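# Need coordinates for the below:
(chains A and B)
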Number of protein chains: 2
Amino acid sequence: MSQNKKMVDAITSRDADFAQWYTDLCLKAELMDYSDVKGFIIYRPYGYAIWEGIQDDLNRRLKETGHQNVYMPLVIPESLFQKEKDHVEGFAPETAMITTTGVEELTERLIIRPTSETLFCTHYNKIINSYRDLPKLYNQWCSVVRWEKTTRPFLRGKEFLWQEGHTAHANEAEARKETLDILEIYRKLGEELLAIPFITGKKTEREKFAGAIDTYSIEALMHDGQALQSGTTHYFGQDFAKAFDIKFQDENNKLQYVHQTSWGVSTRLIGAVIMVHGDDEGLVLPPYIAPIQIVIIPIQGNKEIVQTATKTLYQELKDAGFRVLVDDTNKSPGWKFSEYEMKGVPIRIEIGPRDLEKNEVTMVTRYNREKQAYPIDKIVKDMPKILKDMHNTLYERAVTFVQANTYQAKTYDEFKDYIQKGGYVAMSIFGDEAEVIIKQDTTASARVLPFDQTLITDICPVTNKKATQTVWFARAY
Amino acid sequence: MSQNKKMVDAITSRDADFAQWYTDLCLKAELMDYSDVKGFIIYRPYGYAIWEGIQDDLNRRLKETGHQNVYMPLVIPESLFQKEKDHVEGFAPETAMITTTGVEELTERLIIRPTSETLFCTHYNKIINSYRDLPKLYNQWCSVVRWEKTTRPFLRGKEFLWQEGHTAHANEAEARKETLDILEIYRKLGEELLAIPFITGKKTEREKFAGAIDTYSIEALMHDGQALQSGTTHYFGQDFAKAFDIKFQDENNKLQYVHQTSWGVSTRLIGAVIMVHGDDEGLVLPPYIAPIQIVIIPIQGNKEIVQTATKTLYQELKDAGFRVLVDDTNKSPGWKFSEYEMKGVPIRIEIGPRDLEKNEVTMVTRYNREKQAYPIDKIVKDMPKILKDMHNTLYERAVTFVQANTYQAKTYDEFKDYIQKGGYVAMSIFGDEAEVIIKQDTTASARVLPFDQTLITDICPVTNKKATQTVWFARAY
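Numbering: from 1, shown residues only, chains lettered A, B, ... in the order given. Prediction:
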């Protein structure tokens, strides 16, 4: 069976089976494919182009704020990995290890990096000597390996692509500020590029990163009402600095340990885009992240008038900086419509001889599948506003969805009802103890402690003890 | 000892000990550092920025010619790796293998990719069905692992960064054309970005890639007279297609095997830039690849007139699109001069109160260390030409060096003399047999069969048999 044939098959309906819809879409929009090793996926051109869009945007934001890219080794000697106690406990079960090569058995096992704190710390130990060397604001784009049991494309894999930032600062205030500044950069990436409203906040003690003092998170709400942790930033304090002896001479010639942070987003963001915006016809890509923003489909493309108009419009849109594609293959228009809907291309322009007589084309916007006749000579001029409005509409639609699916619970019964419906449920609880009970009873987990910690109730509805914190809960990926 | 202090120490002279000069420079220009695992290096921000410059430039060239980026898994099941016989023989000794994880011993060993032909082939087997699916022009940016015994920064490592292109075509002519088109793209990257004149040609049978029918190469000549293979392109014919059963239905409904290519350049190119252009003061970066093109150093930076002029010039140069840095730290001007010479920054602008009275600054060009007074209001306007001229001069200087160090040998004694001097030596030989003798006698290896195969002598000076081919030889890295 040819691949083209597969493309026109419908995918599972989103509301019938969300998990199957997701997998169908990942494959049929040609975002990824499975490899021969379970949990390792192939990022196909269309999926990888979305990741490149995220990289370009985030690189710009990070470079503007003084961050520098580096590349650390793929492997970590096992002994080095074990230097920070909490960190190794968190990651040890998931590590993959090189033990042998074509020429020799290794004397020490090498761990494929699941994250690179230990490598950055070793390097910082060597290159940081004076307050003049600080801050160090390093970032790395790479893949990491974690031996996860259950895997899903983009959401959880044995290998995934990400960026990991690792910074060292002269004092706590500066390091804490970095942790929150990056959280805000991530939030803006969501708002301005992906049209996803991330909620932000601090993780509870149970949910924080192995080795961190504080972990912050951006969380997105998927169409099925489950939350997706989409990125995290960590304040490490001086724990890694002490484990790796990273000291500097301050302005008064006193030796001090540095204060550190780390932070990352991954190809999970692709999963978020799919599950926030997609529909039963396939992917719906917000215009600024779409690898193809506009697809032009000539109708009766053998006619010279159609060919000329297609060529001209393509060139004008391209010269104006839009990412545009012409599909003039001999497949049927209907097949092409389905394909680019599946791929979530924001704008489809159909150029046919009848419309051209009126100096018009047919323009179809993907997210609402609305069709309209459009004057051909206005397209290029209007396109920035068309895309901007579309982006804003998608963002507002997602905001509305979050608002409609966010609840406050004053009793534990209310809480269970809301969790059953799906979405975020805010409740004021007596810390850790309540969190454990809630997880057991409902499978919901604490997503974040919102920055506004106003109590909803004075008493924790779960434990009947005095409420100590307000937490947003949700079932999560 | 602070790092700043280290910076001003001189490096070994280039002509006294070229190898030591190279290592000194790599470390002191802060391009890289060693990690805890021998053969794995840390790409520091300045070194990585050079790699990012190469990536940006090559990505543009590849996307313009219809290539698409993908990402394949880091690991290859051992059984899959063994499917193409020549290929596995070439790479098996160098493979690193994952055999165990934190939770389980693996039932099959996983090879960390030394190159990804087998992964691309498996994927192509799945996604190529019809002539409509061809060509596939895929490329991947990643790191690969090869368990090399002797390693040197950027030149040979257990891990290195590269791009690997893998393409599939409907016929031989198209695949062969791709192999040569990419070779030309690489050559142009050298000429237009790195100011390096690559010589191009075909590899001999002995030197070709494991699994290839033909291998082509770009070779650069280092200051010490040794050649550096800087990139290769391979025509595979249908051997991989047969091993991996990659067939398509042609326009006449006949099943055919695809014709394939692969090609790559790596962080070796950074080594080439260092060894072609560098001098005893450090790195000399051609302007278009330099992460910092212009450094502005205020002299008596506490004076308001200096601060204002510095700020204005910086902003104007930045707005005009140049990569510019101001160093207004409290280090001495002399220290700064040395540092940015070590780092090979193409242009240094010193802004001092005395020059400013005449509306001038002092401009120093790195490659020849020439100083001149320059009217401050002409700098931005003149800068494109200044950089272009500098680029051309560096390129011409390198071309002259290659010409001055390229010889033709008509006797074996002549050949040995020339090889002793360093550089390329062209000789017409009786194939493989002569190549082996030459390697044993002189350690020189066949670099390329130039496209112009005119014979220099009818008889091979080494074997006294009829000469069959003209080969460029050199000692090589």
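
# remind me, longest helix of chain A?
helix A:379-404 (DSSP state H).

# Look at A:Leu119 and give its secondary structure.
Following DSSP: H, G, I helix; E, B strand; the rest coil, the label given to A:Leu119 is helix.

# Quick check, pLDDT for it.
pLDDT, A:Leu119: 97.

# B:Arg113 versus that one, what's the distance?
20 Å (Cβ to Cβ, to the nearest Å). All C-beta atoms are positioned from the backbone trio N, CA, C, and that covers glycine.

# Pull out the buried positions in the longest helix of chain A.
A:Ile379, A:Met383, A:Ile386, A:Leu387, A:Met390, A:His391, A:Leu394, A:Tyr395, A:Arg397, A:Ala398, A:Phe401, A:Val402 (16 or more other Cβ atoms under 10 Å in any protein chain shown).

# near chain B too, which of these?
Among the buried residues of helix A:379-404, proximity to chain B is found for none (Cβ under 8 Å from any Cβ of the partner chain).

# which bits of the stretch 251-400 of chain A sit near chain B?
So far as Cβ under 8 Å from any Cβ goes, the stretch 251-400 of chain A lies against chain B at A:Thr329.

# How many neighbouring residues does the residue of the stretch 201-350 of chain A found nearest chain B have?
Closest approach between the stretch 201-350 of chain A and chain B, counting by Cβ to the nearest Cβ: A:Thr329, at 7.4 Å. Applying other Cβ atoms under 10 Å in any protein chain shown, we find 12 residues neighbouring A:Thr329.

# returning to that earlier point: just checking, next helix/strand downstream of the longest helix of chain A?
From helix A:379-404 onward toward the C-terminus, using DSSP states H and E, the following helix or strand is strand A:406-408.

# And the following helix or strand past that following strand, what's buried?
Using DSSP H and E, the helix or strand that directly follows strand A:406-408 along the chain is helix A:412-421. Of all the residues in helix A:412-421, those buried under the rule 16+ other Cβ under 10 Å are A:Tyr412, A:Phe415, A:Tyr418, A:Ile419.

# for stretch A:326-342, same thing?
Per 16+ other Cβ under 10 Å, stretch A:326-342 contains these buried residues: A:Val326, A:Asp327, A:Asp328, A:Lys331, A:Lys336, A:Phe337, A:Ser338, A:Glu339, A:Tyr340, A:Glu341, A:Met342.

# any low-confidence regions in chain A?
A:1-9 (pLDDT under 70).

# most distant residue from the middle of it?
In terms of distance from the mean C-alpha position of chain A, A:Glu357 ranks first, at 45.1 Å (Cα atoms, centre = their mean).

# how far away is that one from B:Met363?
A:Glu357 sits at a distance of 62 Å from B:Met363 (criterion: Cβ to Cβ).

# Please apply the same query to A:Thr99.
Taking Cβ to Cβ, one finds A:Thr99 at 56 Å from B:Met363.

# Please apply the same query to A:Glu251.
Counting by Cβ to Cβ - A:Glu251 and B:Met363 are separated by 34 Å.

# So for the two, which sits in the more crowded spot?
A direct count of neighbours by other Cβ under 10 Å for A:Glu251 and B:Met363 places B:Met363 higher, at 20 against 9.

# what helix or strand is the nearest residue to the more buried one once chain neighbours are set aside on?
In space, B:Met363 comes closest to B:Tyr374 once its chain neighbours are excluded; the distance is 4.3 Å by Cβ to Cβ, 6 or more residues apart in numbering or on different chains. Using DSSP H and E, B:Tyr374 maps to strand B:370-375.

# which other helices and strands contact that strand?
Here strand B:370-375 touches strand B:360-365, going by 3 or more Cβ pairs under 8 Å, 6 or more residues apart in numbering or on different chains; DSSP states H and E.

# angle of the strand it packs on against strand B:370-375?
150 degrees (axes from the mean of the first three to the mean of the last three Cα atoms, to 10 degrees).

# residue nearest the centroid of chain A?
Most central in chain A (Cα atoms, centre = their mean) works out to A:Leu269, at 1.8 Å.

# Can you tell me the element that one falls in?
helix A:268-277.

# Would you mind putting the CA coordinates of the following helix or strand past that helix into CSV?
Next helix or strand after helix A:268-277 toward the C-terminus (DSSP H and E): strand A:294-298. What follows is strand A:294-298, C-alpha atoms only, in CSV (Å, rounded to 0.1, in the frame of the first residue of the first chain):
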residue,chain,number,x,y,z
ILE,A,294,0.6,28.8,3.2
VAL,A,295,0.0,26.1,0.7
ILE,A,296,-1.0,27.1,-2.8
ILE,A,297,-3.0,24.5,-4.8
PRO,A,298,-3.5,25.2,-8.5
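
# Run through the bridge partners of the residue nearest to A:Asp355 when sequence neighbours are not counted.
Counting by Cβ to Cβ, 6+ apart, A:Val361 is the residue found nearest to A:Asp355 once chain neighbours are left out, at 5.5 Å. Listed beta-bridge partners, A:Val361: A:Tyr374 (assigned using DSSP bridges).

# residues contacting A:Val361?
A:Ala309, A:Leu313, A:Ile349, A:Glu350, A:Ile351, A:Gly352, A:Asp355, A:Ala373, A:Tyr374, A:Ile376, A:Ile379 (Cβ atoms under 8 Å, 6 or more residues apart in numbering or on different chains).

# same deal with A:Asn59?
Here A:Asn59 is in contact with A:Asn69 (criterion: Cβ under 8 Å, 6+ apart).

# do the same with A:Glu117
A:Glu84, A:His87, A:His166, A:Gly211, A:Phe236, A:Phe240, A:Ser262.

# The fourth one: neighbour count?
Meaning A:Gly211. 25.

# which element is it on?
Using DSSP H and E, no helix or strand contains A:Gly211.

# Surely it touches A:Phe240?
Yes - A:Gly211 is in contact with A:Phe240 according to Cβ atoms under 8 Å; the separation is 6.7 Å.

# re earlier: list the contacts for the residue nearest to B:Met363?
B:Tyr374 makes contact with B:Ile349, B:Glu360, B:Val361, B:Thr362, B:Met363, B:Asp382 under the criterion Cβ under 8 Å, 6+ apart.

# Mind doing that once more with 10 Å?
By Cβ atoms under 10 Å, 6 or more residues apart in numbering or on different chains, the residues touching B:Tyr374 are B:Ile347, B:Ile349, B:Asp355, B:Asn359, B:Glu360, B:Val361, B:Thr362, B:Met363, B:Val364, B:Asp382, B:Ile386.

# again with A:Glu357
A:Ile305.

# got the buried residues for stretch A:59-74?
For stretch A:59-74, the neighbour count (16+ other Cβ under 10 Å) marks A:Asn59, A:Arg61, A:Leu62, A:His67, A:Gln68, A:Asn69, A:Val70, A:Tyr71, A:Met72, A:Pro73, A:Leu74 as buried.

# Any figure for the gap between the second one and A:Gly190?
Distance, A:Arg61 to A:Gly190, by Cβ to Cβ: 12 Å.

# try the first one
Remark: distance between A:Asn59 and A:Gly190 (Cβ to Cβ) = 16 Å.

# Next: the last one.
For A:Leu74, the distance to A:Gly190 (Cβ to Cβ) stands at 30 Å.

# What of the fourth one?
Relative to A:Gly190, A:His67 is positioned 19 Å away (Cβ to Cβ).

# And the third one, by the same measure?
Distance, A:Leu62 to A:Gly190, using Cβ to Cβ: 15 Å.

# Would you report the backbone torsion angles of A:Gln55?
phi -60, psi -50 (degrees, to the nearest 10).

# Same question for the one 10 residues further on.
Summarising the backbone geometry of A:Thr65 under the convention degrees, to the nearest 10, its torsions are phi -100, psi 20.
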